[in-house]
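J.: Please work out how this folds:
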Amino acid sequence: MTEIEQALAAFADFMWGPQLVLLLVGGGLFFTFHSRLAHFKYLKHSFDLLRGRYSADGGKGEVAGDISHFRALATALAGTIGVGNITGVAVAITVGGPGAVFWMWVTALVGISTKFYTASLAIMYRGYDDAGKLQGGPMYVIREGLGKRWLPLAYLFAVAGMFGTLPVFQVNQLVQITRDAVAIPAGIVSADSHFTFDLIMGIVLSIFLFAVAVGKVKRVSAVAGSMVPAMVLFYFLITGYLLLSHITELPAMLALIVTDAFSDEAVSGGVLGAVILIGVQRGVFSNEAGLGTESLAHGAAKTNEPAREGLVAMVGPIIDTLLVCTCTALAILVTGVWEGDAIGVTLTSQAYDQVFPGLGSYLMLIMVFVLSTTTVLTYSYYGGKCMAFIFGTRAERYYLGIYMALITVGAVASLDAVISLFDGAYATMA
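T.: The predicted model follows:
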């Protein structure tokens, strides 16, 4: 079993290695230069579309799609804003130093172009499933846009999507954070005996999430459309208060991010190449530009105008990486906790504990709980669409049942090998 775990871990590390980073960032740079930055000129129009200022059809008759521009973006953001925005940024700073944040920003900027094109294609090349319903996503873009010769790639994406979006990691991390922040300090469980607590939490989560996920994209997008903006606003408020309380340190930390990004030897001790790689990897993990997942959400938007959905989609990396991840990074840096020994969510919690004594871990728990559950809901929709593409729409119900069962499994088990498999499959989608 150890050899299998090592092989799967090596597979995941290889798939998320420099070659994938070069592919995703290189593709984003190509789109950026090819477009001559044309889509950036319409950023204001993006927000007008989100506010519903323009009608979905533009006077052109019946409109395809199921959800509004706003709900499509909220669903896509629910899949990207999650545990990684809290823990991933902390890991990037711990391993790569403050300079890694700069390269996360660079990745987000080129990711804006990638999102514009992939979401536009998701509308331009929608196709019908076996039930006669119009669908969007990379599988349909390949089938309708490239033709039958490239159909194996569509099935490869669908298979990778079925496994790469399973909920084990998100649920496992959520249960662990809840246990460490609430159950153990309250004496409900101990660090060595917590199986029953984990099992009950897993069952409750699976029942709650099933009730939402069974409503497919309309119900998932409705939940995401209310919960994700609320949590992002909540995070901006508490981080804004933290930054105001450390306003004198802010200019120095912003300067450190830039200087450390180009230092031959980063503050954390890493070399320049490693700092760039870590920052870019975490940026890709964060906004998922180029992985294709966002096309599954934006392909369901109620519009006949591909460019409109592309303009909406390009707001994603701005919110996810340039705003939310930057909030986490600055909170960690200005409070000085990054120079300690803590890692992951513990490091982020320590930063907020300085301003909200005794509440930091609970604030992070609220964020992680809401964002991870919305991520799981969005992933259930993504995986179901991939399943339906291969086996037909009737198979979606079986996938959803297995998906919800894995929520309970993920709550109680330590599945390093399976998580490595999922990570590798997720990278294959790119």
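J.: so who does the nearest residue to residue 335 once chain neighbours are set aside touch?
T.: Closest residue in space to residue 335, ignoring its immediate chain neighbours: residue 351 at 4.4 Å, by C-beta to C-beta, 6 or more residues apart in numbering. (Glycine included, C-beta is placed from N, CA and C.) Shown in contact with residue 351 (C-beta atoms under 8 Å, 6 or more residues apart in numbering): 242, 331-332, 335, 337, 360.
J.: just checking, which of those residues belong to helices?
T.: Residues of these located in helices (DSSP state H): 242, 331-332, 360.
J.: Out of those, which is nearest to residue 320?
T.: Taking C-beta to C-beta as the measure, residue 320 sits nearest to residue 331 out of the ones in helices among the contacts of residue 351, at 16.3 Å.
J.: List the single closest residue to the closest one in space, sequence neighbours excluded.
T.: Counting by C-beta to C-beta, 6+ apart, residue 351 is the residue found nearest to residue 331 once chain neighbours are left out, at 4.5 Å.
J.: For residue 145, give me its contacts.
T.: Counting by C-beta under 8 Å, 6+ apart, residue 145 has contacts 121, 124-125.
J.: now it: how far from residue 122?
T.: 10 Å (C-beta to C-beta, to the nearest Å).
J.: which ones are touching the most centrally placed residue in the chain?
T.: For the chain, the residue nearest the mean C-alpha position is residue 80 (1.7 Å; C-alpha atoms, centre = their mean). Taking C-beta under 8 Å, 6+ apart as the criterion, residue 80 is in contact with 286-288, 293-294, 316, 320.
J.: now the residues you listed as JSON lines including secondary structure and distance to residue 28?
T.: Shown next, in JSON lines, are the contacts of residue 80 (DSSP: H, G, I helix; E, B strand; the rest coil; distance: C-beta to C-beta, whole Å):
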{"residue": "286", "secondary structure": "helix", "distance to residue 28": "14"}
{"residue": "287", "secondary structure": "helix", "distance to residue 28": "10"}
{"residue": "288", "secondary structure": "coil", "distance to residue 28": "12"}
{"residue": "293", "secondary structure": "helix", "distance to residue 28": "15"}
{"residue": "294", "secondary structure": "helix", "distance to residue 28": "13"}
{"residue": "316", "secondary structure": "helix", "distance to residue 28": "13"}
{"residue": "320", "secondary structure": "helix", "distance to residue 28": "14"}
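J.: Nearest to residue 385 among these?
T.: Taking C-beta to C-beta as the measure, residue 385 lies nearest residue 293 of the contacts of residue 80, at 10.4 Å.
J.: Could I get the pLDDT score of the closest one?
T.: Reported pLDDT at residue 293 in the predicted model: 87.
J.: likewise residue 6?
T.: 80.
J.: can you tell me how far it sits from residue 13?
T.: Distance, residue 6 to residue 13, using C-beta to C-beta: 10 Å.
J.: Strands of the stretch 251-400 of the chain, residue ranges please.
T.: Counting by DSSP state E, counting those that start in this stretch, the stretch 251-400 of the chain has no strands at all.
J.: which intervals of it have sub-threshold pLDDT?
T.: 264-272 (pLDDT under 70).
J.: ok, which stretches of it are helices?
T.: Along the stretch 251-400 of the chain, the stretches classed as helices by DSSP state H, counting those that start in this stretch are 272-287, 293-298, 306-313, 315-317, 326-334, 344-355, 360-391, 396-412.
J.: Deepest in the core, which of those is it.
T.: Greatest average neighbour count among the helices of the stretch 251-400 of the chain goes to helix 293-298 (a mean of 30), per mean count of other C-beta atoms under 10 Å.
J.: neighbouring contacts of it?
T.: Residues outside helix 293-298 that contact it (C-beta under 8 Å, 6+ apart): 72-73, 75-76, 79-80, 115, 118-119, 121-123, 136-138, 141, 161, 165, 217, 221, 288, 309, 312-313, 316, 378, 381-382, 385, 429.
J.: Just the buried ones from those residues?
T.: With burial judged by 16 or more other C-beta atoms under 10 Å, the buried subset of the contacts of helix 293-298 is 72-73, 75-76, 79-80, 115, 118-119, 121-123, 136-138, 141, 161, 165, 217, 221, 288, 309, 312-313, 316, 378, 381-382, 385, 429.
J.: Could you pull up the contacting residues of residue 300?
T.: Here residue 300 is in contact with 65-67, 72, 75, 135-136, 217, 221 (C-beta under 8 Å, 6+ apart).
J.: Please identify the helix or strand for the residue nearest to residue 229 when sequence neighbours are not counted.
T.: Spatial nearest neighbour of residue 229, excluding adjacent residues (C-beta to C-beta, 6+ apart): residue 74 at 6.8 Å. Secondary structure assigned from DSSP states H and E places residue 74 in helix 69-80.
J.: With residue 67 as the reference, measure out to residue 139.
T.: Using C-beta to C-beta, one gets 19 Å for the distance from residue 139 to residue 67.
J.: nope, residue 424 is what I was after
T.: In this structure, residue 424 and residue 67 are 31 Å apart, going by C-beta to C-beta.
J.: ok so, going back, between residue 139 and residue 67, which is the more surrounded one?
T.: Each of residue 139 and residue 67 has its neighbours counted (other C-beta atoms under 10 Å); residue 139 has more, 28 against 22.
J.: OK, contacts around the more buried one?
T.: Residue 139 touches 154-155, 157-158, 385-386, 389, counting by C-beta under 8 Å, 6+ apart.
J.: tell me the pLDDT at the closest residue to it other than its chain neighbours?
T.: Residue nearest to residue 139 in three dimensions, not counting chain neighbours: residue 154, with 4.3 Å by C-beta to C-beta, 6+ apart. For residue 154, the model assigns a pLDDT of 95.
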